[in-house]
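>>> Here is a sequence together with a model predicted from it:
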Amino acid sequence: MQTDRKQCDFLVLGSGIAGLTFALKVAPHGRVCIVTKKHRAESNTNYAQGGIAAVTSKEDSFEMHVRDTVEAGGGLCNEEVVRTIIQEGPARIADLIALGMKFSEREIPRSRGAKELDLGKEGGHSKRRILHAKDVTGREVERALLAAAAEQPNIEMLEDHVAIDLITSHKLGLGGPNRCLGAYVFDKKNQRVITFQARAVLLATGGCGKVYLYTTNPDIATGDGVAMAYRAGAAVANMEFIQFHPTCLYHPKAKSFLISEAVRGEGGVLKTIEGVEFMDAYHALKSLAPRDVVARAIDSEMKRSGADYVLLDITHKTARFTMERFPNIYGTCLQYGIDITKEPIPVVPAAHYQCGGVLTSVNGETEIAGLYGVGEVACTGLHGANRLASNSLLEALVCAHRASQQVTAAPLPPVDCAIPDWQSGEAADADEMVVVSHIWDEIRRLMWDYVGIVRTNKRLQRARKRIDNLQAEIQEYYWDFRVTSDLLELRNIATTAELIIHCALQRPESRGLHYNLDFPNPNLEWAQRDSILRHQLD
Ligand code: FAD
Ligand code: SIN
């Protein structure tokens, strides 16, 4: 395989909200290279619907937002981190607006046409506080950030480039504390591996929804950042807390289409297929209960009735309201023959968000010098055992800003050591590649069946045995075969699946999103404990 070399000050892996925000903030301080797997806008960010939670109204307060976040987090949030992120939210929203982001507005009553930001509501929030751009908030975030990045001469963007692995001083046998020196990156179009040297590397690779058979996430979400950081020796925490979104559209032709929680925020009600409301049996907040509760309730109703889905009904609202507030959801459902102004929407839970990740400070620092992590890839302590809706875009904005300040205030010296080129296997037998797609499917089904919304020790043990065997098969392939993005992603989903299973096995209790029938209650000893995993470096 061909190789090449490149150098920059800041290497950013990922072009979602975390990577782009960081890149824009460090660009005045040095050369930035953003490496991104597919098209620049393709990211979880791009599909965000509900919006960004931030305190902007007089009826709201930081204290209330903190309380809601901590309550949703099942006792595991780091309250200091929660406070920092929530208090700095309004300033970061102002930055985003200054960059050109257009949030939805509404007319202030009795004000002769004056406008204010329209605030949505979602599960677990005691106040209306979600800033949104109708139901396509993420698309508007990406548009605004990408437009701003295109204006910056110091930012280079490389699409269809997949980061393979981080380069660290430890891997090069250099001694001293482990430092990140860059990354190997696969250039898909030119079929070559580039050795990138950088003073600082930001992991902004997002989450891992594709580890599960059913997910709201796009194809890019294969846990690459978590897997790379783990292999490099950074601590990974709380991976058992995978958030299942309660309402993904159920339709044979629809792939991963989310029906925003904001639909329930505006009065949408969950019903069985017979049209009976059921959430009052599970939580006082009914359809607007925290996500872990709603997803488990739907799972339990589906198991009880044998139905493949439940219904989400917003037909009591006027057609005009629904079409104006949720144009994307309305239009997409209509394409599948469902008029949501007249009939309820069939929905099922699906893997949505990774609450754990690479252990970082609120400034994005990992355990490896020169390696930062921001956004869904990181575990800062904000989300605890269950993320409050719309807190993740907020976290990415605040932490990207803080990481940019940290990295520019205390820059590491330039990398001056010889970094070897990437060594790759050369086999490329097309017949054998069927094995890659087979193992992909097997992992995703295994995770759905054994490590899903409701877990047991027996199923987790079985999952661990299967993943150990599959890992051995993947290792054999990985080193013999020529690099492809499918093979790289397979290796990463296998590692991420393994981390989720191991974290789940570590926690002898049920808390937030981790629900184990063998330990149905929280365990006080684990109330403040993160499940932390570190790869033994040789
Ligand atoms: P992403 O936006 O996922 O970006 C990751 C980037 O990394 C992508 O550019 C990807 O191509 C790139 N990448 C990945 N691996 C590699 C690699 N190996 N090499 C190179 N590049 C790589 N949160 C909210 O707060 N509010 C919402 O309303 C909301 N709605 C959501 C709706 C949906 C359907 C989904 C899926 C998520 C939603 N979330 C929401 C969650 C939120 O969108 C994400 O947590 C957030 O956007 C993550 O941002 P990020 O920058 O960390 O990662
Ligand atoms: C949604 O719109 O329901 C998603 C919000 C989120 O995941 O934060």
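Nice, I can see it. Ligands and ions are numbered 1, 2, ... in the order given.
>>> Is ligand 1 within reach of stretch 165-184?
No. Figure legend: stretch 165-184 not in contact with ligand 1 (CB under 6 Å from any ligand atom); closest approach 8.5 Å. All C-beta atoms are positioned from the backbone trio N, CA, C, and that covers glycine.
>>> Now do the end-to-end distance for that stretch.
End-to-end distance of stretch 165-184 (CA to CA, to the nearest Å): 5 Å.
>>> what does that stretch rub up against?
11, 13, 35, 163-164, 193-198, 200-201, 228-229, 231-233, 367-371, 412, 415, 417, 419-420, 422, 537 (CB atoms under 8 Å, 6 or more residues apart in numbering).
>>> from those, which ones fall inside strands?
Among the contacts of stretch 165-184, the members found in strands (DSSP state E) are 11, 13, 35, 163-164, 193-198, 200-201, 371.
>>> Quickly check those residues for the two that are furthest apart.
Val193 and Ala200 (21.1 Å; CB to CB).
>>> who's more crowded, these two?
Comparing Val193 with Ala200 by other CB atoms under 10 Å, the one with more neighbours is Ala200, at 26 against 20.
>>> Mind pulling the model confidence for the more buried one?
The predicted structure scores Ala200 at 97 on the pLDDT scale.
>>> That one and Leu412 touch, don't they?
Yes. In this structure, Ala200 is within contact of Leu412 by CB atoms under 8 Å, at 6.6 Å.
>>> okay, and the common contacts of these two?
Contacts common to Ala200 and Leu412, judged by CB under 8 Å, 6+ apart, are Gly370.
>>> Toward the C-terminus from the one helix or strand Leu490 maps to, list the very next helix or strand.
Element membership of Leu490, judged by DSSP states H and E, is helix 485-506. Counting by DSSP H and E, the next helix or strand C-terminal to helix 485-506 is strand 532-533.
>>> Can you give the distance of that next one from its chain's centre?
The chain centre lies 19 Å from the centre of strand 532-533; the measure is CA atoms, centre = their mean, to the nearest Å.
>>> Run through the neighbouring helices and strands of that strand.
Contacts defined by 3 or more CB pairs under 8 Å, 6 or more residues apart in numbering; DSSP states H and E place strand 532-533 against strand 236-237, helix 485-506.
>>> Who does that strand pair with, and is each partner parallel or antiparallel?
strand 236-237 (antiparallel) (DSSP bridges).
>>> angle of the helix or strand just after the strand it pairs with against helix 485-506?
Sequence-wise, the next helix or strand beyond strand 236-237 is strand 242-249, with elements assigned using DSSP H and E. Relative orientation of strand 242-249 and helix 485-506, computed by axes from the mean of the first three to the mean of the last three CA atoms, to 10 degrees: 120 degrees.
>>> And strand 242-249, what does it pack against?
Judged by 3+ CB pairs under 8 Å, 6+ apart, strand 242-249 is in contact with helix 261-265, helix 291-305, strand 345-354.
>>> Now with 6 Å, please.
helix 291-305, strand 345-354 (3 or more CB pairs under 6 Å, 6 or more residues apart in numbering; DSSP states H and E).
>>> quick one, helices of the stretch 51-200 of the chain?
62-72, 79-99, 137-150 (DSSP state H, counting those that start in this stretch).
>>> These: which one's closest to Ile493?
Nearest to Ile493 among these is helix 137-150; the distance by CB to CB comes to 22.7 Å.
>>> tell me which parts of this structure are close to ligand 2?
So the chain meets ligand 2 at Gln49, Gly50, Ser260, Glu261, Ala262, Tyr353, Ala389, Ser390, Ser392 (CB under 6 Å from any ligand atom).
>>> could I have the helix ranked longest in the chain exported to PDB, CA atoms only?
Secondary structure of the chain per DSSP state H: the longest helix is helix 457-480. Provided in PDB are the C-alpha atoms of helix 457-480 (Å, rounded to 0.1, in the frame of the first residue of the first chain):
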ATOM      1  CA  ASN A 457     -25.700 -11.800  33.700                       C
ATOM      2  CA  LYS A 458     -26.200 -14.900  31.600                       C
ATOM      3  CA  ARG A 459     -26.700 -13.000  28.400                       C
ATOM      4  CA  LEU A 460     -23.800 -10.600  29.100                       C
ATOM      5  CA  GLN A 461     -21.500 -13.600  29.800                       C
ATOM      6  CA  ARG A 462     -22.700 -15.200  26.500                       C
ATOM      7  CA  ALA A 463     -22.000 -12.000  24.700                       C
ATOM      8  CA  ARG A 464     -18.500 -11.800  26.200                       C
ATOM      9  CA  LYS A 465     -17.600 -15.300  25.000                       C
ATOM     10  CA  ARG A 466     -18.900 -14.600  21.500                       C
ATOM     11  CA  ILE A 467     -17.100 -11.300  21.200                       C
ATOM     12  CA  ASP A 468     -13.800 -12.900  22.400                       C
ATOM     13  CA  ASN A 469     -14.000 -15.500  19.600                       C
ATOM     14  CA  LEU A 470     -14.900 -12.900  17.000                       C
ATOM     15  CA  GLN A 471     -12.100 -10.600  18.100                       C
ATOM     16  CA  ALA A 472      -9.600 -13.500  17.500                       C
ATOM     17  CA  GLU A 473     -11.000 -13.900  13.900                       C
ATOM     18  CA  ILE A 474     -10.800 -10.200  13.300                       C
ATOM     19  CA  GLN A 475      -7.200  -9.900  14.500                       C
ATOM     20  CA  GLU A 476      -6.200 -12.700  12.000                       C
ATOM     21  CA  TYR A 477      -7.900 -10.800   9.100                       C
ATOM     22  CA  TYR A 478      -6.700  -7.400  10.100                       C
ATOM     23  CA  TRP A 479      -3.000  -7.900   9.900                       C
ATOM     24  CA  ASP A 480      -3.100 -10.100   6.700                       C
END
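>>> For that helix, give me every contacting residue.
425, 427, 439, 446, 450-451, 491, 494, 497-498, 501, 504-505, 518 (CB atoms under 6 Å, 6 or more residues apart in numbering).
>>> Among those, which one sits closest to Asn44?
Ala497 (18.3 Å).
>>> so how far is stretch 214-221 from its chain's centroid?
9 Å.
>>> Sorry, wrong one. I was asking about stretch 408-417.
29 Å.
>>> tell me which parts of the stretch 101-250 of the chain are close to ligand 1?
Counting by CB under 6 Å from any ligand atom, the stretch 101-250 of the chain sits next to ligand 1 at Thr137, Gly138, Val162, Ala163, Ala204, Thr205, Gly206, Thr216, Asn217, Ile220, Asp224.
>>> Is Asp4 in a helix, a strand, or coil?
strand (DSSP: H, G, I helix; E, B strand; the rest coil).
>>> follow-up on the earlier one: ok, the contacts of helix 457-480 vs His29, which is closest?
Arg491 (33.7 Å).
>>> still on that earlier bit, would you format the helices of the stretch 51-200 of the chain as a markdown table with mean pLDDT included?
Compiled in a markdown table, the helices of the stretch 51-200 of the chain are given as follows (pLDDT from 0 to 100):
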| stretch | mean pLDDT |
| --- | --- |
| helix 62-72 | 97 |
| helix 79-99 | 98 |
| helix 137-150 | 98 |
